[in-house]
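Asker: Build me a structure from this.
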Amino acid sequence: MGDLAYFMDKLKREVLSQRVRQVKPSGIRKFFDIINTMPNVISLGVGEPDFVTPDHIRQAGIRSIREGRTRYSSNYGLLELREEIAKCLEKRYGLKYDPLKQILVTVGVSEGVDLAMRTLIDPGDEVISPDPGYVAYEADIIFSGGIPVPVPTYAQYDFGVRAEDISSLITPRTKLILIGNPNNPTGAVVSPGELEGIAKLAVEHDLIVVVDEVYSHLVYDTEHVCIATMPGMQDRTILLDGFSKAYAMTGWRVGYVAAPAGILEAMLKVHQYSIMCAGTAAQEAALEALRYGEADVQMMHDEYARRRHMFVEGLNRIGLPCCEPSGAFYAFPYVGKTGMSDEEFAEKLLFEEEVAVVPGSSFGAAGAGYLRAAYCTAYNQLEEALVRIERFLKKYYQ
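Answerer: So this is what the prediction gives:
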């Protein structure tokens, strides 16, 4: 045992890179591993649609395999898919992108975030990003040698990031602003006014904005606005989107980047050496989704909206204050008044009532005292989860 302990200590001190040692393990993964051993758990922890990929999209992927289209695509991705992405972006936002030079198909939006960070960050560059925020953002910044600069967001503003808060954090070393819009884990949507303010800061300080819009089709009671449509912003915006959330295609791993040609060419350099290309069958399924999947997206959007209303209202009713999220499929209730930390609350709730949520602190310091609860699970399961959570609260708090 002594030799093993010495080896593990040596591993941490001398073998692993400083960047890897600096990144803490994902707080989400810890709970996933436990959930997998508990068959009766109601899981509100996984940010994954409970819908199956629509059949016509699955059939397009199957057809690609059956007909033998199983070779590498271009490093950029299938040209047909890139052309369809360009058409969709022009129709949706009025933005024109050259499918030959300004669009890259990635292995999910997660690869897009990683590519953007590795392409643009030099050691010591600072990246401003909202807190709470998606767990991979900080890690990707650190892996790239950058310095994460979290900008706290607050319940009193529905967790929306504000331009004035970003402004106060800009220094001569600031290189990028990284935003998830809508936000994971809070479901916050950046208002058009704040987007305009952020755009002005980017132009004034010569910054690049990386915007993750993977939840952009899941926006409620308002219209989604893309920061690339703001004056002077298309040439300094890296737009990331994909198919996982809106089309229920998480396991297919397809996303894309739309960016200025010079930046995209550099991102391709990283992509071609690390990934080569996204899977061909998955790309053909994504093409089918873009061409014929609008009705599927609308159906799932409307069902998430129905669940959102019931679940958020239920959380507030049982004593867990919760802003109504404007997008994505996450509720972010406050548990601080219970006297338990968010980690303690989540762990006790899992083992005692078999309801899985994720501690808000997993997403940044500003998430402490909150929980992320995904309402992308069946309506009746959400109702039962509220019953169990209320019972748990009565046991410890009331």
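
Asker: any idea how far residue 160 is from the closest residue to residue 259 other than its chain neighbours?
Answerer: For residue 259, ignoring the flanking residues on the chain, the nearest one in space by Cβ to Cβ, 6 or more residues apart in numbering is residue 238 at 4.5 Å. (C-beta placed from N, C-alpha, C; glycine too.) Remark: distance between residue 238 and residue 160 (Cβ to Cβ, to the nearest Å) = 21 Å.

Asker: more crowded one of these two?
Answerer: More crowded of residue 238 and residue 160, by other Cβ atoms under 10 Å: residue 238, with 25 against 19.

Asker: Now do whichever strand or helix holds the more buried one: distance to the chain's middle.
Answerer: Using DSSP states H and E, residue 238 maps to strand 237-242. Its chain's C-alpha centre and that of strand 237-242 lie 12 Å apart, by Cα atoms, centre = their mean, to the nearest Å.

Asker: Now do the very next helix or strand once past that strand: which elements does it pack against?
Answerer: Using DSSP H and E, the helix or strand that follows strand 237-242 in sequence is strand 255-258. Counting contacts by 3 or more Cβ pairs under 8 Å, 6 or more residues apart in numbering; DSSP states H and E, strand 255-258 is packed against helix 79-93, strand 103-106, helix 108-120, strand 237-242.

Asker: Only the buried residues of the longest one, if you could.
Answerer: Neighbour-count burial for helix 79-93, counted by 16 or more other Cβ atoms under 10 Å, picks out 81-82, 84-86, 89, 93.

Asker: List of residues touching that helix?
Answerer: 76, 95-100, 102-103, 105, 226, 228-229, 239, 256, 258, 283-284, 286-287, 290-291 (Cβ atoms under 8 Å, 6 or more residues apart in numbering).

Asker: Give the buried subset of these as a ChimeraX selection command.
Answerer: For the buried members of these, the matching ChimeraX selection, counting by 16+ other Cβ under 10 Å, is:
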select :76,95,97,99,102,103,105,226,228,229,239,256,258,283,284,286,287,290,291
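
Asker: rewinding a little: which helices and strands does the strand holding residue 238 pack with?
Answerer: Against strand 237-242 (3+ Cβ pairs under 8 Å, 6+ apart) you get helix 108-120, strand 208-212, strand 255-258.

Asker: Any chance of these in a markdown table with mean pLDDT and distance to residue 248 as columns?
Answerer: What follows is these, written out as a markdown table (pLDDT from 0 to 100; distance: least, Cβ to Cβ, whole Å):
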| stretch | mean pLDDT | distance to residue 248 |
| --- | --- | --- |
| helix 108-120 | 97 | 14 |
| strand 208-212 | 98 | 18 |
| strand 255-258 | 98 | 14 |
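
Asker: need the strands for the stretch 251-398 of the chain, in chain order.
Answerer: Along the stretch 251-398 of the chain, counting by DSSP state E, counting those that start in this stretch, strands occupy 255-258, 330-331, 355-356, 358-359, 371-374.

Asker: who does the fourth one pair up with?
Answerer: With DSSP bridges as the criterion, the sheet partners recorded for strand 358-359 are strand 371-374 (antiparallel).

Asker: Equivalent analysis for the second one, please.
Answerer: Using DSSP bridges, the strands paired with strand 330-331 are strand 371-374 (antiparallel).

Asker: Give me the contact list for the strand it pairs with.
Answerer: For strand 371-374, using Cβ under 8 Å, 6+ apart, the contacting residues are 43-48, 185, 311, 315, 320, 329-333, 335, 342, 345-346, 357-360, 362-363, 385.
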